[in-house]
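*Asks:* here are the coordinates; sequence isn't available:
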């Protein structure tokens with residue numbers, strides 16, 4: 001059974017609900033707050049600073065780092081005056097932390113490009129939660145208690161930012177099904193059912209398939 005899950009979730013797809021519930025279902029850590037904490041220690045900065053630069057925060061730094069790449073030729077964003085640790089340092093440190101966590105073979109990692117970083121790791125089950133934009137907006141309204149305009153604005157802005165992040169840093173599209181073992185429309189499938197389906201997928205391996213086919217073809 002795979003106990004290392006890389007979970008990618010579009011805005012409004014319920015990743016913050018499915019992720020911890022899945023970790024509890026599998027009896028493994030939900031590696032959310034632990035990641036910026038480890039990054040803060042690695043870079044010798046405050047937790048608040050690391051959390052503010054965390055991909056899951058999806059704040060202004062993500063747009064700024066993408067803008068820096070778009071207008072600059074240096075390969076990394078230009079730091080602001082007085083800035084000692086630049087956003088790209090946080091990204092690289094986060095990748096190092098993710099690889100160290102992955103080496104343990106257990107945990108649910110939400111976002112942070114883990115599906116790309118771990119795509120060649122046979123221990124990791126890579127999962128995407130998504131859904132039509134309008135349904136994700138309505139779901140975000142319920143989850144986050146937002147009005148329609150605020151939810152739709154956040155959904156559109158973060159969709160653009162995360163799509164650009166995946167393309168710029170990893171050369172892939174977040175929606176590419178080749179990145180994932182499992183893709184679920186969590187606006188049409190309940191969160192509890194998503195958890196159970198992912199857990200079922202985690203309990204299965206490719207080596208089970210020939211036996212299953214043989215059993216199905218048996219007289």
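*Replies:* It's in. What you see is a predicted model, and the numbers here were worked out from it, not measured in a lab.

*Asks:* mind listing the strands in the protein by residue range?
*Replies:* For the chain, the strands defined by DSSP state E cover 3-9, 106-110, 124-130, 182-185.

*Asks:* Mind checking the pLDDT average for the second one?
*Replies:* The reference is to strand 106-110. For strand 106-110, mean pLDDT is 94.

*Asks:* on that earlier part again, residue 54 is nearest to which of the strands of the chain?
*Replies:* strand 106-110 (10.8 Å; CB to CB). For every residue, glycine as well, the C-beta is placed using N, CA and C.

*Asks:* The helix ranked longest in the chain to strand 3-9, inter-axis angle?
*Replies:* Scanning the chain for the helix with the most residues, using DSSP state H, yields helix 148-170. Per axes from the mean of the first three to the mean of the last three CA atoms, to 10 degrees, the angle that helix 148-170 makes with strand 3-9 is 120 degrees.

*Asks:* Can you mark which positions in helix 148-170 are buried?
*Replies:* Neighbour-count burial for helix 148-170 flags 151-152, 154-155, 158-159, 161-162, 164-166, 169 (criterion: 16 or more other CB atoms under 10 Å).

*Asks:* shaky segments in the chain?
*Replies:* Scanning the chain for pLDDT under 70 picks out 55-87, 205-219.

*Asks:* all helices of it, in order?
*Replies:* 15-26, 34-43, 47-52, 60-71, 87-102, 114-117, 133-144, 148-170, 191-202, 208-217.

*Asks:* Reformat those as JSON lines; add distance to residue 8.
*Replies:* JSON lines is the format used below for those (distance: least, CB to CB, whole Å):
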{"stretch": "helix 15-26", "distance to residue 8": "8"}
{"stretch": "helix 34-43", "distance to residue 8": "15"}
{"stretch": "helix 47-52", "distance to residue 8": "20"}
{"stretch": "helix 60-71", "distance to residue 8": "15"}
{"stretch": "helix 87-102", "distance to residue 8": "13"}
{"stretch": "helix 114-117", "distance to residue 8": "5"}
{"stretch": "helix 133-144", "distance to residue 8": "14"}
{"stretch": "helix 148-170", "distance to residue 8": "9"}
{"stretch": "helix 191-202", "distance to residue 8": "12"}
{"stretch": "helix 208-217", "distance to residue 8": "24"}
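
*Asks:* Thank you kindly, that will do.
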